[in-house]
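Participant: Got a sequence here, can you model it:
(one chain, ligands or ions: 1)
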Amino acid sequence: MSFFRPALDSLRAYVPGRQPDPGARVIKLNTNENPYPPSPKAVAVLHGLDADELRRYPRPFGDEVRDAVGRVVGVDPTWVLAGNGSDDLLTMLVRATTGPGRAVVYPTPTYVLYRTLAGIEEAPVVEVPFNPDFSLPVDRLVAADGALTFVANPNSPSGTATSRERLGELADGLRGLLVVDEAYVAFAEEDALGLLDTYRNVVILRTLSKSHGLAGLRLGYAIAHPSVLEGLSKVKDSYNVGAVPARVGSAALLDTQYTARTVERIRRDRALLTTALESLGCRVWPSQANFLLVRPPGGDAARVQDELEQRQILVRYFDEPALTEVLRITVGTSADHRALIDALRAILGSTPGTSP
Ligand SMILES: *Cc1c(COP(=O)(O)O)cnc(C)c1O
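Facilitator: From the prediction side, this is the model:
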């Protein structure tokens, strides 16, 4: 006997990366948070909030966020829909477009939540493996004919990116919606915004969780043609963006100088960390995100993750067939990297009889 739909009983729940208790002394390189604090201007807005504002319901469409995105990104606010993190928008997209007989399609390995959300709606899932070099298998994605096709770009956990031109070929071939999940785009060389001028079926998703140091605030947004956003809005919670995220997030979005500075630091440290890991014999994939996909010598990723955790350093290991030999390591501060490299040197130096 179950209280739930059979599809839910057999669904594997999404398992987020470990979140230690606040104040725990760990080096946290497992969930791609920003190592730097949010914009001081956003923090000032948080401290100045009038509690009376919380007595009333917030704006149903987070108008302040739409205006801020409009200004920063250079689109009309009617092309913007805000969400309780971009996960909220992913949920809305899957609810609004899929179901039995209406497939969700994406290249793998990628963000595991796509599979979970499809399972909840009992939608068929077509997983198309990336090419070995993580280039996008456009023809096979088109052939899968999804009601909804997701491409995380830059992709997680590979960190690799697909050009706007290639994504345009995909959008052109698809009958359903193409969602370009740009959670990490601030760290990349190119975005897909220009596709919106040509393709009505493209939705761009962004979040303040990684680039703006505000994963705890919960704010993300979609950019798409207003007719697409209208359909999506039918399945959204009436008040899906709280007053606090709307106020604080808008201030963070508008402080573009601060974001540019922290992003630049992370990109610089990404290059330094890549070199340091390579000098330990690790294979590191070229990354356009704020993390690295790393194969330790010998491919002994599970053991290395375990031993790092014993030293209070958290990195991400995925219990997935295609990812057994790799770790995903968030770019942190240079102090985080010194600790990581010291620990890895000790761990790899003590490897019992493995070969590269
Ligand atoms: C982190 C992440 C998200 C979720 O972002 P939130 O705004 O925190 O919900 C979405 N997509 C990808 C690929 C991510 O890595």
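Participant: where exactly do the strands run in the stretch 251-356 of the chain?
Facilitator: Counting by DSSP state E, counting those that start in this stretch, the stretch 251-356 of the chain has strands at residues 283-284, 291-295, 313-315, 327-330.
Participant: ok, now the stretch 101-250 of the chain?
Facilitator: Secondary structure of the stretch 101-250 of the chain (DSSP E, counting those that start in this stretch): strands at 104-108, 125-129, 148-152, 177-181, 202-207, 220-223.
Participant: Centroid-nearest residue for the chain?
Facilitator: By CA atoms, centre = their mean, the chain has its centre lying nearest to residue 183, at 4.1 Å.
Participant: And that residue, how close does it get to residue 321?
Facilitator: 24 Å (CB to CB, to the nearest Å). No exception for glycine: its C-beta is placed from N, CA and C like everyone else's.
Participant: just to revisit the earlier point, and the strands of the stretch 251-356 of the chain as TSV, adding distance to residue 210 and mean pLDDT?
Facilitator: Formatted as TSV, these follow (distance: least, CB to CB, whole Å; pLDDT from 0 to 100):
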stretch	distance to residue 210	mean pLDDT
strand 283-284	19	98
strand 291-295	9	98
strand 313-315	16	97
strand 327-330	9	98
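Participant: Tell me the spacing between the residue nearest to the centre of the chain and residue 118.
Facilitator: Residue 183 sits at a distance of 18 Å from residue 118 (criterion: CB to CB).
Participant: what does residue 346 give?
Facilitator: To residue 118, residue 346 is 42 Å away according to CB to CB.
Participant: With residue 143 instead?
Facilitator: Going from residue 143 to residue 118 by CB to CB gives 18 Å.
Participant: Which one's more surrounded, these two?
Facilitator: residue 118 (26 against 12; other CB atoms under 10 Å).
Participant: which residue sits closest to that one, ignoring its sequence neighbours?
Facilitator: Excluding the flanking residues, the one nearest residue 118 by CB to CB, 6 or more residues apart in numbering is residue 104, at 3.9 Å.
Participant: now the one you found, which residues is it bridged with?
Facilitator: residue 125, residue 148 (DSSP bridges).
Participant: residues in contact with the closest residue to residue 117 other than its chain neighbours?
Facilitator: Nearest residue to residue 117 in three dimensions, chain neighbours excluded: residue 94, at 4.3 Å (CB to CB, 6+ apart). Taking CB atoms under 8 Å, 6 or more residues apart in numbering, we find residue 94 in contact with 104, 117, 118, 120, 121, 123, 148.
Participant: now residue 94: how far from residue 186?
Facilitator: With distances taken as CB to CB, residue 94 is found 25 Å from residue 186.
Participant: which outside residues touch stretch 330-343?
Facilitator: The contact list for stretch 330-343 (CB under 8 Å, 6+ apart) reads 27-33, 35-36, 266, 269-270, 272-273, 276-277, 280, 290-292, 307-308, 311, 313, 315-316, 329.
Participant: number of nearby residues for the residue in the stretch 251-356 of the chain positioned nearest to the ligand?
Facilitator: Nearest residue of the stretch 251-356 of the chain to the ligand (CB to the nearest ligand atom) works out as residue 289 at 8.3 Å. Residues lying near residue 289 (other CB under 10 Å) number 30.
Participant: What residues does the closest residue to residue 126 other than its chain neighbours make contact with?
Facilitator: Nearest residue to residue 126, sequence neighbours excluded (CB to CB, 6+ apart): residue 144, at 4.1 Å. Shown in contact with residue 144 (CB under 8 Å, 6+ apart): 103, 105, 126, 128.
Participant: Report pLDDT for residue 144.
Facilitator: We have a pLDDT of 98 for residue 144.
Participant: same thing with the one 10 residues further on?
Facilitator: At residue 154, the pLDDT value in this model is 98.
Participant: what about it, how many neighbours?
Facilitator: The burial count for residue 154: 25, using other CB under 10 Å.
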